[in-house]
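Asker: A structural model of the following input is requested.
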Amino acid sequence: MKISARNMLEGTIENVELGAVMASIKIKVESPGLITALITKESAQNLGLKKGDKATAIIKSTEIMVGKE
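Answerer: Purely as a prediction, here's the structure:
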């Protein structure tokens, strides 16, 4: 797959929760461990996402947040 985004984490889908409009997709990655993506239900169904599938989390962000404990 060729795309311009450089922030990608490959992993395995751990859970798919389909709502009325949106879908919550949990992807287990090596580090930090688990990524949750909120995508449209239509996109989840079009991709045929299911637990155990190999997937890539592609991260597109317009801002960076900083936290401090």
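
Asker: where exactly do the helices run in this structure?
Answerer: Along the chain, the segments classed as helices by DSSP state H run 41-47.

Asker: what residue lies at the spatial centre of the protein?
Answerer: Per C-alpha atoms, centre = their mean, the C-alpha nearest to the average position across the chain is that of Ala37, at 3.7 Å.

Asker: correct me, but that residue touches Ile25?
Answerer: Yes. A contact is recorded between Ala37 and Ile25 when judged using C-beta atoms under 8 Å, the distance being 4.6 Å. Heads up, the C-betas are built off the backbone N, CA and C, glycines and all.

Asker: Check which helices and strands the lengthiest strand in the chain is in contact with.
Answerer: Longest strand of the chain, by residue count under DSSP state E: strand 8-18. Taking 3 or more C-beta pairs under 8 Å, 6 or more residues apart in numbering; DSSP states H and E as contact, the helices and strands that strand 8-18 lies on are strand 22-29, strand 34-40, helix 41-47, strand 54-58.

Asker: most neighbours per residue, which of the ones you listed?
Answerer: strand 22-29 (a mean of 17; mean count of other C-beta atoms under 10 Å).
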